[in-house]
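Enquirer: next one to model:
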Amino acid sequence: MRAARLGLRGRAAGWWFLLAVVVAVVAANSVLAGWSRGSASGGASSASGPSGPSMVRARSVATQEFGLMSGGGWAQAWGLWSAAGRAALSEGDFVRLNTECRPALGEPYVIDAAADVSATDVKVDWHQGSMTGNSTVVFEGGAWRFQPDAQTLAGYRSGVAAVVAERKAAGECH
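Expert: Below you'll find the predicted structure:
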């Protein structure tokens, strides 16, 4: 009889322990999710959650953009662009540019730093091999969008042929 009672207590203690572990995991997950939301406030879309857009999501878009660029997914990379980027160069021209003057494929972009500039802008410092740069990821229309730097956007306005010629002269085509 006593052995049966001990078995029941042991089993009940096991269930209580399991329940305590589940509660602890859920609580830790909630805390970590709150930290990853960032502290943005203001006019952010309700789709971004109660704390505003997340720098984690912004960095994810930059990582996606750079992965597509290093893998040759130029149309998909252009699809992640901000309205300003899309206005500077069409998808077809972006694909043509990177086809005529192919960047280094397979060499990964590495994000060195990401910092909130405002509730809707995150600055991303990166490098690819010996080349370095910075870009911005902006929150617009309820989603994070990649925005090439101002110098790159200005260069695109001169047209694909001019950008290809400039890059070839600089030895940037592979």
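
Enquirer: where exactly do the helices run in the protein?
Expert: 2-36, 55-71, 74-78, 83-88, 91-100, 150-156, 160-169 (DSSP state H).

Enquirer: comparing those by mean pLDDT, which bottoms out?
Expert: In terms of mean pLDDT, the lowest-scoring of these is helix 2-36 (a mean of 45).

Enquirer: for residue 100, give its distance to residue 125.
Expert: 28 Å (C-beta to C-beta, to the nearest Å). C-beta: built from backbone N, CA, C; applies to glycine.

Enquirer: what does residue 103 give?
Expert: 19 Å.

Enquirer: neighbour-wise, which of these two wins?
Expert: Set side by side, residue 103 and residue 125 give different neighbour counts by other C-beta atoms under 10 Å, the larger being at residue 103 (17 against 14).

Enquirer: unless I'm mixing things up, the more buried one is touching residue 172, no?
Expert: Yes. In terms of C-beta atoms under 8 Å, residue 103 counts as a neighbour of residue 172; the distance is 7.4 Å.

Enquirer: who does the residue nearest to residue 60 when sequence neighbours are not counted bridge with?
Expert: Counting by C-beta to C-beta, 6 or more residues apart in numbering, residue 144 is the residue found nearest to residue 60 once chain neighbours are left out, at 7.7 Å. Counting by DSSP bridges, residue 144 forms beta bridges with residue 139.
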